[in-house]
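**Q** next one to model:
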Amino acid sequence: MIYLDYQATTPLAPEAFEAMLPWLRDDFANPHSAHGAGRRAKAAVEVAREQVAALLPEGGRVSFTSGATEALNWALKGVGPGRIVTLATEHAAVLDTVEALARGGREVIVMPVGADGLVDPDVARAAIGPGTALVAAMLVNNEIGVIQPVAELARLAHTVGALMLCDAVQGFGRAAVPEACDLVAVSAHKVHGPKGIGALWVRDGIALEPLMHGGGQEAGGRSGTLSPALCVGFGVAARLMAELKEADAAHVDGLWRAAMGRLLGRHPGRVPGSTKPQGLEVELQSGSEAASWTPEQVRGDGWWLNGSAIARYHGNLNIRRDGLDVARLMSDLRDVAFSAGSACASGSGRSSHVLRAIGLTEAQARSSIRIGFGRYTTEEELGEAIERIVAAADAQRIAA
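**A** Modelled structure (predicted):
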């Protein structure tokens, strides 16, 4: 199996797995108990909390949750009265939650984005006005990898006295979380940690209404017994993200260049206004040339890149080919794990709301695939997978 679905979940780091084992097998005490075994478990949880916090802004506290979905729900539902402003390309954990709040009478503004997946500054300034309580935006989009200007959105929010909630799930440890954020949601299994645990970072001085009532064991009043094993695994994964950040980034950038070179180099065309042939690796490394690219210009042999070619995380390659039967493609390549969209929306029967938000038609959205790669992906694996994806897509076109 060639695994290329890193946005859905990442492979568990071996170091995190080994660190978790003792807390699953031997040191199983409740970290909220007062006896010695409980205190040892509590100490391990606090070490993990510090490791996660090290990748987040200073001046706040980390509350462990069951995952980012809980963290986002807590932040959105726990703020005081006022308007909530968010983006059309947010995760369902945000969009479905604000929709529910709107049905209850909360004022909600969902801002559109451009073809590159980025919010227009003028649109943001108009939406984030007096009466806004919270602005919610994803740092790195889970479907198209686009990096939103969260720092600028936070500045606009603070100008009118609002809080800034950042969904940093895909960017945690990969892109710096802006210091201006007030609330940050993260998840372990997107950074080579275990599933079933996430966290909400809350700036000092901000109080949220509890999402769940009970023992109030966690900072901020979050109730529920923590799993030391999950906390430890999350902590070790976060520590590795910090330690390997530069190496991981260089590896991912290399994979991105190789992937784009294979896709674009198959049928070189010309970028409008450019004298250089498109698809050559030298162009992919050329900042001045790349800065002039639009999503429509980054293509090769019928393949198109969805979202900004510049403001994006390079471990996310979302591409489309008109007329592509994605279900057939996935059936033909069962030993290659890639995605037709967000794993959280799989089985819904709906095309990607993110792709529709950037202006794609229903047919174009349904002919798009997402290839996600990272720390444990080899260039050989990625190259083989792309060659097979392209060959299978070519076979569809010939058969048609």
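**Q** who touches the strand or helix carrying residue 72?
**A** Per DSSP states H and E: residue 72 is located in helix 68-78. Applying C-beta atoms under 8 Å, 6 or more residues apart in numbering, the external contacts of helix 68-78 come out as 63, 65, 84, 91, 93-94, 97-98, 101, 134, 136, 165, 167, 169, 183, 185-187, 190, 198-200, 208-211, 222. Quick note: C-beta positions are derived from backbone N, CA and C, even for glycine.
**Q** contacting residues for residue 140?
**A** Per C-beta under 8 Å, 6+ apart, neighbours of residue 140: 146, 147, 168, 170, 171, 174, 175, 312, 313, 316.
**Q** let's go with 10 Å and repeat that
**A** 7, 146-148, 150, 167-172, 174-175, 190, 311-313, 315-316 (C-beta atoms under 10 Å, 6 or more residues apart in numbering).
**Q** again, but for residue 136
**A** Contacts of residue 136 by C-beta under 10 Å, 6+ apart are 72, 75-76, 79, 84-87, 90-91, 94-95, 97-98, 108, 153, 157, 163-167, 183, 185.
**Q** just the helices in the protein please.
**A** With DSSP state H, the ranges of helices along the chain come out as 14-25, 36-53, 68-78, 92-103, 121-127, 150-159, 228-243, 245-264, 281-284, 287-290, 326-332, 353-357, 362-366, 379-399.
**Q** go through those helices and name the closest to residue 194.
**A** helix 228-243 (4.2 Å; C-beta to C-beta).
**Q** which of the residues in that closest one are buried?
**A** Residues of helix 228-243 classed as buried by neighbour count (16 or more other C-beta atoms under 10 Å): 228-241.
**Q** just curious, which of these is nearest to residue 254?
**A** Among the buried residues of helix 228-243, and counting by C-beta to C-beta, the member closest to residue 254 is residue 241, at 18.2 Å.
**Q** now do the closest one against residue 351, distance only.
**A** Per C-beta to C-beta, to the nearest Å, residue 241 is found 32 Å from residue 351.
**Q** residue 87: neighbour count?
**A** Burial of residue 87 is recorded as 28 neighbouring residues (other C-beta atoms under 10 Å).
**Q** before we move on, what about residue 260?
**A** 23.
**Q** and if you look at residue 158?
**A** Neighbour tally, residue 158, other C-beta under 10 Å: 15.
**Q** re earlier: so which of the contacts of helix 68-78 are in strands?
**A** Using DSSP state E, the subset of the contacts of helix 68-78 located in strands is 63, 65, 84, 134, 136, 165, 167, 183, 185-187, 198-200.
**Q** got JSON lines for the helices of the chain, with distance to residue 338 and mean pLDDT too?
**A** As requested, these are exported to JSON lines (distance: least, C-beta to C-beta, whole Å; pLDDT from 0 to 100):
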{"stretch": "helix 14-25", "distance to residue 338": "24", "mean pLDDT": "97"}
{"stretch": "helix 36-53", "distance to residue 338": "29", "mean pLDDT": "97"}
{"stretch": "helix 68-78", "distance to residue 338": "22", "mean pLDDT": "98"}
{"stretch": "helix 92-103", "distance to residue 338": "20", "mean pLDDT": "98"}
{"stretch": "helix 121-127", "distance to residue 338": "32", "mean pLDDT": "98"}
{"stretch": "helix 150-159", "distance to residue 338": "27", "mean pLDDT": "98"}
{"stretch": "helix 228-243", "distance to residue 338": "23", "mean pLDDT": "98"}
{"stretch": "helix 245-264", "distance to residue 338": "12", "mean pLDDT": "93"}
{"stretch": "helix 281-284", "distance to residue 338": "21", "mean pLDDT": "28"}
{"stretch": "helix 287-290", "distance to residue 338": "24", "mean pLDDT": "36"}
{"stretch": "helix 326-332", "distance to residue 338": "7", "mean pLDDT": "96"}
{"stretch": "helix 353-357", "distance to residue 338": "15", "mean pLDDT": "97"}
{"stretch": "helix 362-366", "distance to residue 338": "15", "mean pLDDT": "95"}
{"stretch": "helix 379-399", "distance to residue 338": "7", "mean pLDDT": "94"}
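**Q** turn these into TSV, including distance to residue 215.
**A** Formatted as TSV, the helices of the chain follow (distance: least, C-beta to C-beta, whole Å):
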stretch	distance to residue 215
helix 14-25	20
helix 36-53	14
helix 68-78	16
helix 92-103	24
helix 121-127	39
helix 150-159	32
helix 228-243	16
helix 245-264	36
helix 281-284	53
helix 287-290	52
helix 326-332	44
helix 353-357	37
helix 362-366	44
helix 379-399	46
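**Q** of all these, which one is nearest residue 304?
**A** helix 362-366 (8.4 Å).
**Q** what packs against the closest one?
**A** Secondary-structure packing of helix 362-366 (3 or more C-beta pairs under 10 Å, 6 or more residues apart in numbering; DSSP states H and E): strand 316-321, helix 326-332, helix 353-357.
**Q** find the nearest non-adjacent residue to the residue minimising distance to the centre of the chain, please.
**A** Geometric centre of the chain, nearest residue: residue 170, 2.5 Å, by C-alpha atoms, centre = their mean. Of all residues not flanking residue 170 in the chain, residue 140 sits nearest, at 3.9 Å (C-beta to C-beta, 6 or more residues apart in numbering).
**Q** show me the beta-bridge partners of that neighbour.
**A** Beta-bridge pairing for residue 140 (DSSP bridges): residue 147.
**Q** need the pLDDT of it.
**A** Listed pLDDT for residue 140 reads 98.
**Q** for residue 301, same thing?
**A** Value listed for residue 301 in the pLDDT field: 71.
**Q** isn't it right next to residue 321, touching?
**A** Yes. With contact defined as C-beta atoms under 10 Å, residue 301 reaches residue 321; the gap is 8.5 Å.
**Q** measure the nearest residue to residue 374 once chain neighbours are set aside to residue 70 for me?
**A** Nearest residue to residue 374, sequence neighbours excluded (C-beta to C-beta, 6+ apart): residue 6, at 4.6 Å. In this view, residue 6 and residue 70 are 22 Å apart by C-beta to C-beta.
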